[in-house]
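K.L.:
Would you be able to build a 3D model of this:
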Amino acid sequence: MKRSLRSIAVAAFLVAGLAIAAPASAGSLTDHGENKTLDALLRGQTLGAPATWYVGVTTDTCTDAGNGTEPSGGAYARVAVAASLANWAGTQGVGTTTASSGTSGTTSNNALISMPETTAAWSTIRAVRFYDASTAGNAWICLPITLPLDVDRAGVTVKFPAATLQFSIDD
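P.N.:
Coordinates of the predicted model:
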């Protein structure tokens, strides 16, 4: 049986200065995420997954290589979300807070994730990435935004409601 890694992408919608995201199609682990996972599962290495994920947005589409191009200035900053049962749903369903026991292979954010309000344009947002550091570091996961979001002014807040950032390891 072939196993595949997939993630649910994000479609974003801009409404009166508020960008709201909704689930869409597929994304992936980056090369860094793939290498760390394979080394941990099959090669006896520690995974070294971060205790806190830093959720960021990028102006380029998802690729396996690199960290993507994040907005520069305009109050842009990655958002810290602790790796915890409370913050990320178990595989048994959206909003669950116990260890995974389901068969979906899917997790999602249990609470709203809100980027800082822009003080200047951020350009067109095409992806969401999960990083292991608040700046620099490595992207592990990339979720494409299927409807790119043009953040073209100050006063915009990009928000990801609960269950909209979905990631799956599934067969």
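
K.L.:
ok, now which ones touch the closest residue to residue 62 other than its chain neighbours?
P.N.:
Nearest residue to residue 62 in three dimensions, chain neighbours excluded: residue 142, at 3.7 Å (C-beta to C-beta, 6 or more residues apart in numbering). Heads up, the C-betas are built off the backbone N, CA and C, glycines and all. By C-beta atoms under 8 Å, 6 or more residues apart in numbering, the contact set of residue 142 is 7, 27-30, 58, 62-63, 68, 127-130.

K.L.:
In a helix, residue 142, correct?
P.N.:
No. Using DSSP: H, G, I helix; E, B strand; the rest coil, the secondary structure at residue 142 is strand, not a helix.

K.L.:
Tell me how far it lies from residue 57.
P.N.:
11 Å (C-beta to C-beta, to the nearest Å).

K.L.:
Check residue 92 too.
P.N.:
Residue 92 is 29 Å from residue 57, by C-beta to C-beta.

K.L.:
Ok, residue 162 next?
P.N.:
Here the distance between residue 162 and residue 57 works out to 18 Å (C-beta to C-beta).

K.L.:
So those two - more neighbours on which side?
P.N.:
Neighbours per residue (other C-beta atoms under 10 Å) separate residue 162 from residue 57, with residue 57 holding more: 28 against 14.

K.L.:
Burial check on the nearest residue to that one once chain neighbours are set aside, number of neighbours?
P.N.:
Nearest residue to residue 57, sequence neighbours excluded (C-beta to C-beta, 6+ apart): residue 125, at 4.6 Å. Using other C-beta under 10 Å, residue 125 has 25 other residues around it.

K.L.:
go on, residue 84?
P.N.:
11.

K.L.:
Need the per-residue pLDDT for it.
P.N.:
Residue 84 carries a pLDDT value of 98.

K.L.:
Make 55 the starting number, not 1.
P.N.:
Okay, residue one is now 55; in that scheme the one you just asked about reads as residue 138.

K.L.:
Next, give phi and psi for it.
P.N.:
Dihedral pair for residue 138: phi -160, psi 160, per degrees, to the nearest 10.

K.L.:
again, but for residue 87
P.N.:
With angles defined as degrees, to the nearest 10, residue 87 sits at phi -60, psi -40.

K.L.:
Same question for residue 205.
P.N.:
Dihedral angles for residue 205 - degrees, to the nearest 10 - are phi -90, psi 90.

K.L.:
And the residue nearest to residue 116, how close does it get to residue 128?
P.N.:
Taken as C-beta to C-beta, the span from residue 196 to residue 128 is 22 Å.
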